[in-house]
Structure formats: structure tokens, C-alpha cells
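The following comprises the amino acid sequence and a computationally predicted model.
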Amino acid sequence: MNARVLDRSVLYAGAIFLAIWVLVPFYLIAISAFTPQAKIFDYPKPLVPSSLSTDTMQFFVEARGVLPSVLNSLLVALFTIVFGLVLGAPAGYALARFRFRGREAFQVVVLMTKMFPIAILSIPLAVTFLQLGLYDNLISVALVHTAMALPFIVLVTGGVFVAVSHELEEAAQTLGCSRWGAFLRIVLPLALPGLAAAAIFTFVISWNEVFAATILTLRTRTLPAQVLASLSTSPLAFKFAGGLFMVLPAIVFIFLIRKYLMNLWGSR
Amino acid sequence: MRTRTERFLPFALLLPTVAFLTLLIVIPMVQALLLSVMAENGGLTLDNFRRMVADVNFSDAWRNTLLLLILIVPLQIVLALVMALLINSRFRGHGIFLYIYAIPLAISDLAAGILWLAVFTERGYLNSTLQSAGVIDQPVLWLSFDNFAGILSAIVIAESWRATALVLVILIAGLQLIPRDFFEAADLFGANRLRRTVHVVLPLLRPSLQSALIIRTIFAFQTFAVVFALAGRNMPVLAGEAYTWYATNRNEHVAAAYAVVVLGLTAVAIVAYLRVLGLREAEVQR
């Protein structure tokens, strides 16, 4: 009789079990990062902490090089967003509005760059940047991050511009706007939320990137580069606090762009 | 006049992207090749590759990279498939679960490694829980250099946890392309959920499964920070060796040789990807 109810229960039980699997590490890193430093080596540790304190987080934030590296990470992400949108949004617009020769070829290029191991290219790039005097410079890191983010920006902005009514844009042009004027007055305001999503996703890519940032910098570290470079020498408390610090903004931002996640990876 | 500008406009709009990608991808690729065959004095040589191959970590790095690939990718595909099918059954509240499952998409491999370090470290939560439950009476050294199986399991779990979200998103996008009628038709003919999944959904989902498989394979060649966070230098992998040769041994030539190896593996996978893609287009036309 109750096959349906049973069916539902199995479904929910499975879904909840998998949700716990995804969420538990976040909970554990959070309580680790807020465990008082003196208790980090307590054993066995309770799954519900007996006391919480901010002194581990404070220790991390006050450690040498951490605050500058956070600032560097923010700057690199900002540069990457600007470079990426300036370069990529026009291409997204072209894909959304025009049928032209080479369109498919360009889409294949975008697809392949999405998968391409750009980070590994930071090794030859480091040699070039050294010769150009751009080594250990935030701009050079931002350039590599831009190359990583560009295919995603093209895909997302393409989707965004397709969704903006072509008729409205044409109507504005019939009423005397230039193509550029119609774009600025009609298309851009309507596309703004989507462009913001592209910017946020670009931020996440740049904020998370480890390999290129570590190879291309020496003193001007980004946060992940700083944490990675000090892995073998830093105490556990530093790592846990650093882990939580890297994770938090990413969670917030992925929440903001959850609607666009399918466009980012799903489109082929 | 106007039509002429219109004709060139799309190309002008694409130019910045194409030029930039050429500058930052094509040229460095050539440079990686050149660096890898260049001697210190500027002449051509295969010494860098010889040094790479002769290094104690080289064969380990190969073995570990492939081992991780073989263990992680199937696990991710199965896990993501279960998640995707659950979400696709559109039960009440499935949106929240999709968001939760997708969160690791925003987590870097370094952060994922550190998150799981809190679990697997000597006085971490795994040992604490096992000890409290009376399963062990002293901490197990999961990440010690002589516990290869322990390190391997920790990395497999951390990477499966992190990157399953990527496979999930690809599969969900693929499921959305399957018309809902297909599911209902299967219902009408009395197919239960499991049979419907095997006979209706999986064949239709094949293209997405294939692209997820290849994308994950390519990314597996770059596995690096999660390994460093959990195992330090106790578990050499290809991308990690490239980093070590560059940053620690200060030899950009051998580092470039490793980069060439990773690029070569990627090229093979991309060719495979394009062939699968070509196959799919042929299927659509048929």
C-alpha cells in the first residue's frame, strides 16, 4: 500500500545523506578554526566543541604576510574581472547576436580553453615575465587568471545577451539610436545582473587559483600562494584558519550565482 | 557601407579574446617546448628530459597521478550520477539540495586539502571519532610517509568530495536536455525507477557522461595542491613535480619538461574529446 511513501523516504534519506557528506567538512574546518589554539592538539576531540574562541583566526590574520596577501588576492581578482569582461563580453555579444563564418570554430576554441591546463603554462610564462620585468607582479598573475576565466565569461555573457530581447535593441535603433547607443541604453542595463554573475564567477576562479599564483610570485603572494608556500612550515592552527578564510567568500559567492551554474559548465 | 561594418563587426568583437588567448596560451606552449629542449648554454639537448626521467620521483609521480585518476574519476561519476538523478526526480526542496551539492564547486583544491587535513591529521576528527567509539586505542597515522594506502585514501576522499560537484553540474545540464515526456512515457509502460534509469536515462545521458569523464581526466593531470596539503612531498604527482623543479630546485628546464608531459597528456584527452563530440554531431544528424 505504502510503496509511494516508502519511495519518497528512500529518496529523502539518500538526498540528506549526501548533503551531510558535503557539509560535514565545512562544519569541521569551522570548529577547528574557532578552537582555542591551546586546544588544537586535544585528543580525542569532541565533535561538538566545548569552547570556541577567535584566537586561532586572530593568530592567522596577524601572521606575517597574511593581510597583504589577502589584499593582493583582492587586487588580482579585481584586475582579472576588469580584463576578463573587457575582453570577453564583446565576444559573448558577437556569439549572441551574429551568425558568421567561423562561429563554430570559435566555440570549439572556447570549449577547449575551458579544459586547458593554463596553470601549467605559468612555468614558461614565469621566464617571459622575468625578462619583461613583470615577475612577482600582480598584473602578471591577473593575466593568467584572465586566460582561465575568459572562456567562462564568453559563455555566460553570450547567454546573458541572448536573453536580452533583440527586438528592443532594434526598436531603439529604429528610433534613432546608433548601434552603440542602443547597446549602452537598452542592452547593458538589462544584461547587468548576468554580467555581475560573470564577474562573481571570475572572482571565485581568481581567488581560488593556487598553481600560477605560487609560480609567478615570490614576495607579492596571493592568499592561496601564501598558504601553499608555507604549508611545510606553518602550524596546524595557521592552516585551519587559512582554510576557513579561503572557503568563506567562495561559499557566499557561489550562493549568489547559483542560477548560472548550469551555464558555466553544462554548455558544451 | 553599413552592411560592410556589420559584416566585420562580429570578427572585431572576437578579436580581443582570440588575440589574448593566443598570446597567453599558444606562445607559452611553444616556449614550454623550447625551454624543455634548451641547455643552460642555449644549445639544443634532451638532457632535461633525461634528468626528469632519471629523477627518483618521476616514476612515482606517474604512478600516483594515474592511480589517483583511476580511483577518483569513476567514484566521482557514480556519486554525481546518484546526486543528479535524485535532484532530477524533482522532489520538494530539490533546489536546496542542488545548491548544497554544488558548494564544493567554489572550493579550491588547496582549501579542500586543508579541510580534509582537519579530518585525517593525527589528532584530527577521524581518529577522535574512532577512539571515542572504541574502535582504536591510539591515533592512526593516516598521513605518515610510510602509510601509502592512508595517504592515497585521504586524497581520493578529498578530491571526490571537491570535484564531484563539477561532474554533477555537467550531468544535471545533460538531464535537462532530456524531454520530460521520456520519463513519463517510461512510467506509462510500468518501468520502475531503476529500470527507467538504466534503459531510458543513461543512454540519453551518455554524451554528458563522456564529456564529464574527459574533463575530469584532464583536470586529474593537474592534481597538485590537495596532494601537497595532505601529504606534503610524500606523494609526488606530475604537476607537483613541475612545481618543485621550478620553485624548490630552481630548474625551469626540467620544470618545463614536466609541463610538456602534462600538455601532451592533455592533448591526447582533448583529441579524444573532439572525437566524442564529432560522434555526437553525427548522431544528431542521423
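Sure thing, it's come through.

mind listing what residue A:110 touches?
A:151, A:154, A:155 (Cβ atoms under 8 Å, 6 or more residues apart in numbering or on different chains). Backbone N, C-alpha and C define where each C-beta goes, glycine included.

can you list these in TSV and add pLDDT, neighbour count and distance to residue B:114?
Formatted as TSV, the contacts of residue A:110 follow (pLDDT from 0 to 100; neighbours: other Cβ atoms under 10 Å in any protein chain shown; distance: Cβ to Cβ, whole Å):
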residue	pLDDT	neighbour count	distance to residue B:114
A:151	94	24	28
A:154	94	29	32
A:155	90	27	30
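
So which of those residues reach chain B?
The residues of these that also fall near chain B, by Cβ under 8 Å from any Cβ of the partner chain, are residue A:154.

taking the contacts of residue A:110 one by one, which sit in helices?
Among the contacts of residue A:110, the members falling in helices (DSSP state H) are A:151, A:154, A:155.

Could you check how far the second one is from residue B:16?
In this case it means residue A:154. Per Cβ to Cβ, to the nearest Å, residue A:154 is found 11 Å from residue B:16.

Need the overlap of contacts for these two.
Counting by Cβ under 8 Å, 6+ apart, the contacts common to residue A:154 and residue B:16 are residue A:91.

okay, the residue of chain B found nearest chain A: pLDDT?
When scored by Cβ to the nearest Cβ, chain B has residue B:173 as its residue closest to chain A, at 2.3 Å. In this model, residue B:173 is scored at 87, pLDDT.

how close does it sit to residue A:100?
26 Å.

Settle it for me: which of these two has more neighbours?
Between residue B:173 and residue A:100, residue B:173 has the larger neighbour count (other Cβ atoms under 10 Å in any protein chain shown), namely 21 against 17.

these two touch, right, that one and residue B:208?
Yes. Using Cβ atoms under 8 Å, residue B:173 is in contact with residue B:208, at 6.9 Å.

Go ahead and report the secondary structure state at residue A:177.
Per DSSP: H, G, I helix; E, B strand; the rest coil, the local secondary structure of residue A:177 is coil.

Tally up the residues packed near it, please.
Residue A:177: 17 neighbours (other Cβ under 10 Å).

Now do the same contact list for it.
By Cβ under 8 Å, 6+ apart, the neighbours of residue A:177 are A:185, A:186.

Show the pLDDT at it.
Note for residue A:177: predicted pLDDT of 89.

coming back round to it: closest one of the contacts of residue A:110 to chain B?
The closest of the contacts of residue A:110 to chain B turns out to be residue A:154 (Cβ to the nearest Cβ; 6.3 Å).

check contacts around the closest one.
Contacts of residue A:154 by Cβ under 8 Å, 6+ apart are A:88, A:91, A:92, A:95, A:110, B:17.

The first one touches residue A:153, doesn't it?
Translated: residue A:88. Yes. The criterion here is Cβ under 8 Å, and residue A:88 meets it with residue A:153 at 3.5 Å.

Please enumerate the shared neighbours of those two.
By Cβ under 8 Å, 6+ apart, the residues touching both residue A:88 and residue A:153 are residue A:198.

out of the two, which sits in the busier spot?
It is residue A:153, of residue A:88 and residue A:153, that has more neighbours when counted by other Cβ under 10 Å, with 30 against 27.

pLDDT score for residue A:187?
91.

separation between the residue lying closest to it once chain neighbours are set aside and residue B:12?
In space, and not counting its chain neighbours, residue A:187 is closest to residue A:164: 5.2 Å by Cβ to Cβ, 6 or more residues apart in numbering or on different chains. To residue B:12, residue A:164 is 20 Å away according to Cβ to Cβ.

between these two, who's got more neighbours?
Neighbours per residue, other Cβ under 10 Å: of residue A:164 and residue B:12, the larger number sits with residue A:164, 19 against 11.

Check the secondary structure at residue B:146 for me.
Per three-state DSSP, residue B:146 ends up coil.

tally of neighbours for it?
Other residues close to residue B:146 by other Cβ under 10 Å number 8.

What score does it have for pLDDT?
Reading off the model, residue B:146 has pLDDT 91.

Residue B:181 too?
At residue B:181, pLDDT is 78.

again, but for the one 3 residues further on
Reading off the per-residue confidence, residue B:184 sits at a pLDDT of 72.

I'd guess it is in a helix, am I close?
Yes. The assignment for residue B:184 by three-state DSSP puts it in a helix.

Could you report the neighbour count for it?
9.

now it: how far from residue B:90?
Applying Cβ to Cβ to residue B:184 and residue B:90 gives a distance of 12 Å.

Same question for residue A:13.
Distance from residue A:13 to residue B:90, by Cβ to Cβ: 17 Å.

now do residue B:32
In terms of Cβ to Cβ, residue B:32 sits 47 Å off from residue B:90.

So if I had to pick from these two, which one is more boxed in?
Per other Cβ under 10 Å, whichever of residue B:32 and residue B:90 has more neighbours is residue B:32, with 24 against 11.

Is the more buried one in a helix, a strand, or coil?
Residue B:32 ends up helix, using three-state DSSP.

Tell me, please, the helix or strand in the chain that averages the lowest pLDDT.
As the question left the chain open, I've gone with chain A. Across the helices and strands of chain A, mean confidence by mean pLDDT, DSSP states H and E is lowest for helix A:261-266: a mean of 67.

That was the other one, I meant chain B.
Result, chain B / mean pLDDT, DSSP H and E: helix B:180-188, a mean of 73.

so after that one, what's the next helix or strand?
Moving toward the C-terminus from helix B:180-188, the next helix or strand (DSSP states H and E) is helix B:193-196.

name the helices or strands packed onto that next one?
helix B:180-188 (3 or more Cβ pairs under 8 Å, 6 or more residues apart in numbering or on different chains; DSSP states H and E).

Make JSON lines out of the contacts of residue A:110 and add distance to residue B:159.
As requested, the contacts of residue A:110 are exported to JSON lines (distance: Cβ to Cβ, whole Å):
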{"residue": "A:151", "distance to residue B:159": "23"}
{"residue": "A:154", "distance to residue B:159": "28"}
{"residue": "A:155", "distance to residue B:159": "25"}
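
Out of the contacts of residue A:110, which is nearest to residue A:230?
Of all the contacts of residue A:110, residue A:230 sits closest to residue A:151, with 31.8 Å by Cβ to Cβ.

residue contacts, the closest one?
A:110, A:111, A:113, A:114.

ok, now with 10 Å
A:88, A:91, A:107, A:109-116, A:118, A:264, B:17, B:21 (Cβ atoms under 10 Å, 6 or more residues apart in numbering or on different chains).

Using ChimeraX, make a named selection holding only the buried ones among those.
In ChimeraX, this line selects whichever of the contacts of residue A:151 come out buried by 16 or more other Cβ atoms under 10 Å in any protein chain shown:
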select /A:88,91,107,109,110,111,112,113,114,115,116,118,264 /B:17,21
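
Looking at the contacts of residue A:151, which are in helices?
Reading helices off the contacts of residue A:151 with DSSP H, I get A:88, A:91, A:107, A:109-115, A:264, B:17, B:21.

Residue A:83 reaches residue A:141, doesn't it?
No. Using Cβ atoms under 10 Å, residue A:83 is not in contact with residue A:141; the gap is 11.3 Å.

Now residue A:119. Nearest residue, chain neighbours left out?
Leaving out its chain neighbours, residue A:119 is closest to residue A:211 (Cβ to Cβ, 6+ apart), at 3.9 Å.

Show the pLDDT at that neighbour.
94.

same check, this time on the one 3 residues further on
Predicted confidence (pLDDT) at residue A:214: the value is 94.

Buried residues, the helix or strand where residue A:253 lies. List them.
Following DSSP H and E, one finds residue A:253 within helix A:236-256. The neighbour-count check on helix A:236-256 (16+ other Cβ under 10 Å) flags A:236-247, A:249-250, A:253-254 as buried.

Just give me the neighbour total for residue A:156.
27.

what residues are up against it?
Contact analysis of residue A:156 by Cβ under 10 Å, 6+ apart lists A:88-89, A:92, A:149, A:194-195, A:197-202, A:257, A:260, A:263-264, A:267.
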